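K.L.:
Whatever this is, show me its structure:
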Amino acid sequence: MTVETEVVVIGGGATGVGVARDLAMRGVDVTLLERDAGLNAGTSGRSHGVLHSGARYAESDPEGAADCLRENRTLREIAPAAIDDAGGLFVRLAADDPAYFDRKLDACQTLGMEPRRLDAGEIRERVPAIADRVEEGFAVPDGVVSPARLVAATAASAREHGADIHTDAPVVDIGSGPDSSKRLAVSVADGASIAADAVVNAAGPWAGEVAAMAGAELGMRPTRGVMVAVDYAGLEPVLNRCREPADGDIVVPHGMQAVLGTTSVAVDDPDAFDREDWEVERTVSECAAMLPALADAAVDRTYWGLRPLYEPDELDREGRGISRDFAIVDHDAAPGLVSVVGGKLTTYRRMAEAVTDRVCGALGVDEPCRTAEEPLPGADDPGRLDQLAREFSAIGPADSDVIRK
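P.N.:
Numbers count the residues shown, from 1 in each chain. Below you'll find the predicted structure:
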């Protein structure tokens, strides 16, 4: 039996549910398929949960940083109960390059971020346990986002606008539609087949495998990164080490805990990759350089996330050099298939808007995006968001200390 729809979205992380919501709000018939038992099972649910101000990318990727700043403000409007307005600090220790600090601060000012420069004493007022080696820093509007709440609320909005959402629905093949039509046929492991005018591949680190099902190629080079959640109460702002990107340069407040991150190691298979003790040890050690008490904090859980980095064939870079910004890829080998790769949790709504613009253009749908104006269900109600997270089985390791199953 073949089910008919206009668009199939593959992947139930933030980007996938964001695309489903945007399409549904524009009146498109959309079906979302997620291979796991719940949403938020991949990259989104294994992040450190920082709502980026853009400061982290300000000097290296000003356009991407500007997107972060805009989306930071948007998410605070449409999903305030999914956001902890923690604020952020970029701190320079004695061994760190002051010229790099000045470049980043200048870039943040150019973006209109309004960073506030702080001396060592002012930083210590905000973070009394900061390392003695702190020299200076600046404050930025970082925050902490709950991936489970955000993904579940976005999925609920998609559903309210008519989207069909299916978990436990791994895609096994993408082929031609019935009678060799221009439509695509998406086959699911349970034997179901869905005919669609377009398919959005939002499978994150698995996007290359999904593209291959349709006979297309997609240059993915995912990298793994460890997050270490330790018992540490009382930290207020997100702490960022102000130096060239390196292992162990961010500490994220998380209720009675802090989440330390991260590393960047290329992986060949997103379903089977090593998890090395040295990554945990280095992350703790490097983060403790900013906050010495972390060296002796009890580790509650350790989890690895995968970054869905896009690497076309002509690139040959180390994992930290590949763009974290997103790309939308049309496939000549599989007309109707659109892949979205890269990006950050903070900019998931913007990524979804760009993909939906592309798909709606191909379908002849002339409706504007409204996802930045309409609040998500339960936007200001943490209890309702937690209920939705449980309903969609969206609670991942990033949230397991604050949202109970």
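K.L.:
which ones are touching Tyr303?
P.N.:
Residues counted as contacts of Tyr303 (Cβ atoms under 8 Å, 6 or more residues apart in numbering) are 46, 226-227, 229, 397-398. (C-beta placed from N, C-alpha, C; glycine too.)
K.L.:
make it 6 Å
P.N.:
For Tyr303, the contact set (Cβ atoms under 6 Å, 6 or more residues apart in numbering) comprises 46, 227, 397.
K.L.:
excluding its backbone neighbours, what's nearest the last one?
P.N.:
Meaning Pro397. Tyr303 (3.9 Å; Cβ to Cβ, 6 or more residues apart in numbering).
K.L.:
mean confidence score for the host helix or strand of that neighbour?
P.N.:
Assigned by DSSP states H and E, Tyr303 belongs to strand 299-307. In this model, strand 299-307 has a mean pLDDT of 96.
K.L.:
Please put the alpha-carbon coordinates of it into CSV.
P.N.:
The C-alpha atoms that make up strand 299-307 are tabulated as CSV, following Å, rounded to 0.1, in the frame of the first residue of the first chain:
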residue,chain,number,x,y,z
VAL,A,299,31.1,13.0,36.9
ASP,A,300,27.4,12.2,36.6
ARG,A,301,27.3,11.2,32.9
THR,A,302,29.4,11.3,29.7
TYR,A,303,28.0,11.4,26.3
TRP,A,304,29.2,11.9,22.7
GLY,A,305,27.5,14.0,20.1
LEU,A,306,28.1,13.9,16.3
ARG,A,307,28.4,17.1,14.2
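K.L.:
Most neighbours of all the contacts of Tyr303, which one?
P.N.:
With neighbours taken as other Cβ atoms under 10 Å, the top of the contacts of Tyr303 is Met227, carrying 25 neighbours.
K.L.:
Give me the residues contacting the one helix or strand that one maps to.
P.N.:
Secondary-structure assignment from DSSP H and E places Met227 in strand 223-231. Contacts with strand 223-231, where a contact means Cβ under 6 Å, 6+ apart, come from 48, 257-267, 273, 279-280, 283-284, 297-307, 309, 319.
K.L.:
Of all residues in this structure, which one is nearest the centre?
P.N.:
For the chain, the residue sitting closest to the mean C-alpha position, by Cα atoms, centre = their mean, is Leu345 at 2.5 Å.
K.L.:
Show me what the helix or strand that the strand holding Met227 is followed by packs onto, helices and strands only.
P.N.:
Using DSSP H and E, the helix or strand that follows strand 223-231 in sequence is strand 238-241. Strand 238-241 sits against strand 88-93, strand 250-254, with contacts defined as 3 or more Cβ pairs under 6 Å, 6 or more residues apart in numbering; DSSP states H and E.
K.L.:
How is the chain divided into domains?
P.N.:
What automatic domain parsing lists as the domains of the chain is 2-45+147-219+319-391, 87-144+223-307.
K.L.:
Can you get me the start-to-end distance on the longest one?
P.N.:
The first and final residues of domain 2-45+147-219+319-391 sit 27 Å from each other (Cα to Cα, to the nearest Å).
K.L.:
Centre of the chain to it, how far?
P.N.:
14 Å (Cα atoms, centre = their mean, to the nearest Å).
K.L.:
can you check stretch 299-307 too?
P.N.:
Centroid displacement of stretch 299-307 relative to its chain, using Cα atoms, centre = their mean, is 14 Å.
K.L.:
oh, and call the first residue 652 from now on, that's how I've got it
P.N.:
All right, first residue 652 from here; so that's stretch 950-958.
K.L.:
ok so, going back, buried only: go through the contacts of strand 874-882 for me.
P.N.:
Neighbour counting by 16 or more other Cβ atoms under 10 Å classes 699, 908-916, 918, 924, 930-931, 934-935, 948, 951, 953-958, 960, 970 among these as buried.
K.L.:
Helices - which of those residues land there?
P.N.:
Secondary structure from DSSP state H places 930-931, 934-935 of the buried ones among the contacts of strand 874-882 in helices.
K.L.:
quick revisit: of the domains of the chain, flag the one that's most buried.
P.N.:
Stretch with highest mean neighbour count among these: domain 653-696+798-870+970-1042 (a mean of 21; mean count of other Cβ atoms under 10 Å).
K.L.:
pLDDT of that one, averaged?
P.N.:
94.
K.L.:
how about the helices in this structure?
P.N.:
With helices called from DSSP H, the chain shows them at 665-676, 713-729, 749-761, 771-777, 798-811, 858-864, 928-941, 999-1014, 1033-1042.
K.L.:
what is the rounded mean pLDDT of stretch 740-753?
P.N.:
The average pLDDT within stretch 740-753 is 98.
K.L.:
ditto for stretch 901-921
P.N.:
On average, stretch 901-921 scores 96.
K.L.:
returning to that earlier point: which of the domains of the chain sits closest to Ser704?
P.N.:
Comparing the domains of the chain against Ser704 with Cβ to Cβ, the closest turns out to be domain 738-795+874-958 (4.4 Å).
K.L.:
Can you check the distance spanned by the closest one, start to finish?
P.N.:
One end of domain 738-795+874-958 to the other measures 24 Å (Cα to Cα).
K.L.:
Thank you, goodbye.
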